[in-house]
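Chemist: The following comprises the amino acid sequence and a computationally predicted model.
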Amino acid sequence: MSETGPYDLLVLAELNADVVVACDGPVRFGQVEQLVDHATITLGSSGAITAAAASALGLRVALCAVVGDDEPGRAAVDLLAATGVDATAVVRRPGRRTGMTVVLTRPDGDRALLTFAGTMADLGAADVPGDLLAAARHVHVSSVYLQSALRPGLPDLLARARSGGATTSLDPGWDPQERWDAVHPVLPHLDVVLPNAAECVAIAHSLHAAAGGDGPPPVDPVVAAATLQAHGPAVALKLGAAGAALVSARGLHRVAGRPVTPLDTTGAGDNFDAGFLSARLAGHADAEALARAVACGTLSLAGWGGTGALPSAAEADALAADLAPDIITEIARAPQENRR
């Protein structure tokens with residue numbers, strides 16, 4: 001793939017710090033003090049973690065976001081810049097408070113996320129410098145349901161990026177309102193969307209409802225991914241410990257996961273994104289890109305927070321090669337049920 005500018009990856013993101021707390025058991029209210037085994041402050045936000053992970057894999061990365069002109073905002077920018085990501089396009093907005101997420105993480109890998117949105121919702125299309133958009137080989141968007149100011153101008157922004165030769169992607173994240181329709185106008189302007197299984201099924205249900213579809217909506221994540229793919233983008237589907245699947249116009253690929261005991265699952269999906277995008281930008285085939293994505297997500301489980309164990313390219317490729325015998329490629333197109 002030829003380069004269109006000095007950045008391999010431009011990420012349009014929310015930006016914040018995470019407070020990660022190891023929580024073994026229920027959280028009790030009533031002013032009961034409970035002791036935990038671990039707590040730390042790390043770089044937060046899906047997009048920022050993806051940017052940091054891509055930088056660790058050797059990509060040249062820039063990020064656009066908005067923070068408040070406050071101490072949490074300065075801390076988030078410093079954490080981002082320390083990973084090698086170009087943060088010069090991050091906007092510091094006076095009078096606004098930077099967002100923050102408290103992550104309660106359990107030994108079984110499950111988490112609860114308590115998010116104060118703050119400036120996470122403030123990035124708009126006008127905040128993205130045109131020269132930076134034109135300088136990127138790939139544009140990635142995170143957490144579209146949190147980035148409410150970005151949504152109105154996002155289809156045009158992505159169309160401009162693609163007309164300039166860039167490829168595009170979206171990690172939708174969870175919709176706190178559970179409506180899921182905000183992603184609909186964006187799908188035709190994406191090369192790849194990277195949801196987890198629950199997000200993929202929920203988005204497919206919303207597309208099914210919007211189209212007035214006959215019969216029940218899809219419940220199998222791979223069939224749901226085919227529903228999304230019918231609207232344009234390939235779908236790199238995260239299946240947790242089961243690995244991942246890629247549904248594209250070329251067919252269906254699967255990569256089995258490796259059983260590991262996670263220290264913390266925070267950011268595993270964002271590291272997956274970085275692995276997949278870096279492999280695609282390097283020209284790797286679909287199955288190879290999916291294997292690198294699973295490898296990056298798996299290796300990230302060894303650290304606290306999304307950036308506590310960022311894998312290098314060599315580490316990711318070593319595990320991806322080990323995953324190769326578990327790659328299943330189905331030459332036929334993905335399931336056709338519920339496609340429109």
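Modeler: Perfect, I can see it now.

Chemist: So, low pLDDT: which residues of this protein?
Modeler: 1-5, 330-340 (pLDDT under 70).

Chemist: 90 instead?
Modeler: Residues of the chain meeting the criterion pLDDT under 90: 1-6, 23-28, 31, 37, 105-113, 212-218, 250-251, 258-259, 264, 323-340.

Chemist: Quick one: the helices in it, in order.
Modeler: Taking DSSP state H as the criterion, the chain carries its helices at 46-56, 71-81, 130-134, 154-163, 197-210, 221-229, 268-281, 286-299, 313-323.

Chemist: Reformat these as TSV; add distance to residue 36 and mean neighbour count.
Modeler: Using the backbone N, CA and C atoms, a C-beta is placed for each residue, glycine as well. As requested, the helices of the chain are exported to TSV (distance: least, CB to CB, whole Å; neighbours: other CB atoms under 10 Å):
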stretch	distance to residue 36	mean neighbour count
helix 46-56	22	30
helix 71-81	21	20
helix 130-134	41	15
helix 154-163	38	18
helix 197-210	27	20
helix 221-229	33	25
helix 268-281	21	28
helix 286-299	25	26
helix 313-323	29	18
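
Chemist: how about the ones you listed, which one is nearest residue 261?
Modeler: Closest approach to residue 261 among the helices of the chain (CB to CB): helix 286-299, 11.4 Å.

Chemist: and that closest one, what does it pack onto?
Modeler: If you count contacts as 3 or more CB pairs under 8 Å, 6 or more residues apart in numbering; DSSP states H and E, helix 286-299 packs onto strand 234-238, strand 244-248, strand 251-255, helix 268-281, helix 313-323, strand 327-330.

Chemist: can you give me the angle it makes with helix 268-281?
Modeler: Relative orientation of helix 286-299 versus helix 268-281 (axes from the mean of the first three to the mean of the last three CA atoms, to 10 degrees): 150 degrees.

Chemist: show me what contacts residue 50?
Modeler: Residues near residue 50 by CB atoms under 8 Å, 6 or more residues apart in numbering: 11, 13, 140, 142, 171, 270, 271, 273, 274, 277.

Chemist: list the contacts for the first one?
Modeler: Yep, that's residue 11 we're talking about. Counting by CB under 8 Å, 6+ apart, residue 11 makes contact with 47-48, 50-51, 54, 61-64, 85, 139-142.

Chemist: is it true that residue 204 touches residue 229?
Modeler: No. In this structure, residue 204 is not within contact of residue 229 by CB atoms under 8 Å, at 10.1 Å.

Chemist: So what's the residue count around residue 177?
Modeler: By the criterion of other CB atoms under 10 Å, residue 177 has 9 neighbours.

Chemist: Can you read off the backbone torsions of it?
Modeler: When quoted as degrees, to the nearest 10, the phi and psi of residue 177 stand at phi -90, psi -10.

Chemist: Using PDB, write out the CA atom coordinates for stretch 84-102.
Modeler: The C-alpha trace of stretch 84-102 is given here as PDB (Å, rounded to 0.1, in the frame of the first residue of the first chain):
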ATOM      1  CA  GLY A  84       4.900   7.900  21.200                       C
ATOM      2  CA  VAL A  85       1.500   9.100  19.800                       C
ATOM      3  CA  ASP A  86       1.500  12.600  18.300                       C
ATOM      4  CA  ALA A  87      -0.900  14.500  20.600                       C
ATOM      5  CA  THR A  88      -0.400  18.000  19.000                       C
ATOM      6  CA  ALA A  89      -3.900  18.000  17.600                       C
ATOM      7  CA  VAL A  90      -5.600  17.400  21.000                       C
ATOM      8  CA  VAL A  91      -7.700  20.400  21.800                       C
ATOM      9  CA  ARG A  92      -7.700  21.800  25.400                       C
ATOM     10  CA  ARG A  93     -11.000  23.500  25.900                       C
ATOM     11  CA  PRO A  94     -11.300  26.000  28.800                       C
ATOM     12  CA  GLY A  95     -14.300  25.700  31.000                       C
ATOM     13  CA  ARG A  96     -14.900  22.000  30.300                       C
ATOM     14  CA  ARG A  97     -14.000  19.100  32.500                       C
ATOM     15  CA  THR A  98     -12.100  16.100  31.100                       C
ATOM     16  CA  GLY A  99     -13.900  12.800  31.200                       C
ATOM     17  CA  MET A 100     -12.900   9.800  33.300                       C
ATOM     18  CA  THR A 101     -13.700   6.100  33.600                       C
ATOM     19  CA  VAL A 102     -13.500   4.000  36.700                       C
END
